[in-house]
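Asker: Predicted model and sequence follow; I will ask about them next.
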Amino acid sequence: MVAPVRALDPPEAHASPPAHRGAGHRGLRVVLAAMQLGPTVVLVLLVVLLSLVSDVFLSFENVGNVLKQSAVVCVLALGQLLVIVTRGIDLSVGSNLSLSAVVGAMVWRDHGSATLAIAAALATGALVGAVNGLLYVKGRLPHPFIPTLAMLTAASGLALYLSDSRTIQGAPPLVHAIGAGRISWIPGAGPVGWFPIATIVVVAVATVVTLVTRRLVWGRWIYCVGGSPEAAVRNGIPVPSVLVSVYVVSGLLAGVAALLTLGKGNAGSPTSGALAELDAIAAVIIGGASFLGGRGTVINALTGALVIAVMRNGLNLLGIDPNWQYMATGAVIVGAVELDVLRGRLESRFRSLQAVTDA
Amino acid sequence: MSSGTPILRVRDACKRYGAVVALDGVSLEVARGEVLALLGDNGAGKSTLIKAISGVVRLDAGTITLDGADITGANAMTVRSQGVETVYQDLALFDNLTPAANFFAGRELAVPRWLPPGLRFIQPGRMSERTRELLDRLQVSLPDLEAPVALMSGGQRQAVAVARAVAFSSKVVILDEPTAALGLRESARVLELVRRLKADGVAVILVSHSMDHVMAIADRAVVLRRGRTVGETAPTPENHEQLVAWIVGATGGRAV
């Protein structure tokens, strides 16, 4: 025990806060803070640019389309974010989506129960995620790239096998309404409405994930594990459980995305999620999350997903060859990661300045 | 402050790794408010000894008692909860988090208590408040408590790590090379912090290669060589040569 009465320290020992700090110091601080807003700035610039060159871009209908098209990637990106914060990656979410959608559609076809179909899709997603996590942690595979890559092919194969490589028609009406529906009571609606119901699901999921990451101890642990796995172990944080849990959540959210996809097309296709994992990973990276772990926010991951969607939509509206979209996405990814590298450099500059000015 | 009765006592500690004898019957004691320097060349057994005390390494023979209670063979978490904190060279900080989040990592202040720890809601306000109090007490001034540790200088980071170690009513704080990576001025701040721990009645075990720093703050120095205690003395300028001789093994040497 520390003695309750403390010896008084000599007054000269008191470290006074540094009287002044260099301008470079403050400037760096501002730059680092501004970098947090990087993804938002990119999105705003894109929107302004596209609204200038295209009349339809900012129309209610088109905005609704962008939101609708981005909903699935947004949901996947939220799960991917948690995984990437722990220094991991989940390559299987696209295949997981396909599999979960097929399972949901089959259960609906064979049993006609919406509840069962929804539960089956979500359970499939979470189960696939659990297998990923357990393979990584218990199977001691060197990097989550391996188990989730294996799952990418395995889940895709299973989806094709179960569906006999065919699209299974039909989805529960509720799921269809959520996945394909638009709200008609929002201003600018017209008779059919423009605001996709799927976006409400995105907002709901994002709210929950935000709450978890900012307020829940478990969320804090995710950032601890990503920041320093060794320190997390030494501080008694249950690292293996935290790691498994992020893959389960990522899988569960792939199940949610599967329901949106199932509803949107009113059918479960065994290839409906193909390559979606790449968009999800790109969204998180464009959103400024660090591949080195420990950093990344919900709002920025969503912004990243929107940047991709807006870019595609804009290039479409302008009638530019669709292949350019992929090249543009690639360029933005590189830009985002360069920014992360730059941030690391600036931080170490800041540290040395701190050591000099902080006497 | 120091009552003279040892708070931590190691008796005849032995540890071997295969054919290599890391500790060969080492005994040492440290009292409240005392700074004990642990000296020795690389491979002398310092590292094994502090790991044994902090519960990371299990001894083959010998006993460790803390405040009269036997903690031999207790694991790292238990030893920590008993009030022995170790600050390793790499600090084990979370660069991406604030000092407050670092302090409470793995033991966050959170409610409600009836939920399993992971599902509780953290109380950031209370954690910041407690952190501020503690840093004030240790007279550590940080430019910005809301900034991640990544933005802090080596000395500030070291201060955060040491403050974290004493945050939870520590009896014994083990510092492994706390000044190795620091500049002159930053080292001085860390030494000042060690003095405050001492004034607070904490027993400090300091592993350091810097004889200047040892002479500046340690009350007593124990020298290890090839897993044995080869000498023990007050680290004063007069004893400097003797200490170095013990460390490099130039003479047999005896405690003065």
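Answerer: Structure's in. What do you need? Numbers count the residues shown, from 1 in each chain, chains lettered A, B, ... in the order given.
Asker: ok, the closest residue to A:Leu162 other than its chain neighbours - contacts?
Answerer: Closest residue in space to A:Leu162, ignoring its immediate chain neighbours: A:Val102 at 5.5 Å, by Cβ to Cβ, 6 or more residues apart in numbering or on different chains. In this view, the C-beta of every residue, glycine as well, is placed from N, C-alpha and C. Applying Cβ atoms under 8 Å, 6 or more residues apart in numbering or on different chains to A:Val102 gives the contacts A:Ala159, A:Leu162, A:Ser163, A:Ile168, A:Gly268, A:Ser269, A:Pro270.
Asker: now do 10 Å
Answerer: Residues near A:Val102 by Cβ atoms under 10 Å, 6 or more residues apart in numbering or on different chains: A:121, A:124, A:155, A:158-163, A:166-168, A:258, A:262, A:267-273.
Asker: which residue is nearest the middle of chain B?
Answerer: B:Ile174 (1.3 Å; Cα atoms, centre = their mean).
Asker: From A:Asn65, how far off is that residue?
Answerer: 62 Å (Cβ to Cβ, to the nearest Å).
Asker: still on that earlier bit, out of the contacts of A:Val102, which are buried?
Answerer: With burial judged by 16 or more other Cβ atoms under 10 Å in any protein chain shown, the buried subset of the contacts of A:Val102 is A:121, A:124, A:155, A:158-160, A:162-163, A:168, A:258, A:262, A:267-273.
Asker: Correct me if wrong: A:Ile222 contacts A:Val246.
Answerer: Yes. Under the criterion of Cβ atoms under 10 Å, A:Ile222 makes contact with A:Val246 at 6.2 Å.
Asker: anything in contact with each of these two?
Answerer: In terms of Cβ under 10 Å, 6+ apart, A:Ile222 and A:Val246 are both contacted by the residues A:Leu81, A:Leu82, A:Val83, A:Val85, A:Thr86.
Asker: so where's the chain uncertain?
Answerer: Unless you meant another one, I'm taking chain A. Counting by pLDDT under 70, chain A shows low-confidence ranges at A:1-24, A:187-192, A:355-359.
Asker: that's the wrong chain, I wanted chain B
Answerer: In chain B (pLDDT under 70), the answer is B:1-4, B:169, B:251-256.
Asker: how about the top helix by length along chain A: buried residues?
Answerer: The longest helix of chain A (DSSP state H) is helix A:322-357. For helix A:322-357, a neighbour-count test (16+ other Cβ under 10 Å) marks A:325, A:328-329, A:332-333, A:336, A:339-340, A:343, A:346-347, A:350-351, A:353-355, A:357 as buried.
Asker: Work out for me the element the closest residue to B:Ser128 other than its chain neighbours sits within.
Answerer: Among residues not flanking B:Ser128 along the chain, B:Ala100 sits closest, at 4.7 Å (Cβ to Cβ, 6+ apart). Using DSSP states H and E, B:Ala100 sits in helix B:99-103.
Asker: On the C-terminal side of that helix, identify the next helix or strand.
Answerer: Under the assignment DSSP H and E, the closest C-terminal helix or strand after helix B:99-103 is strand B:110-111.
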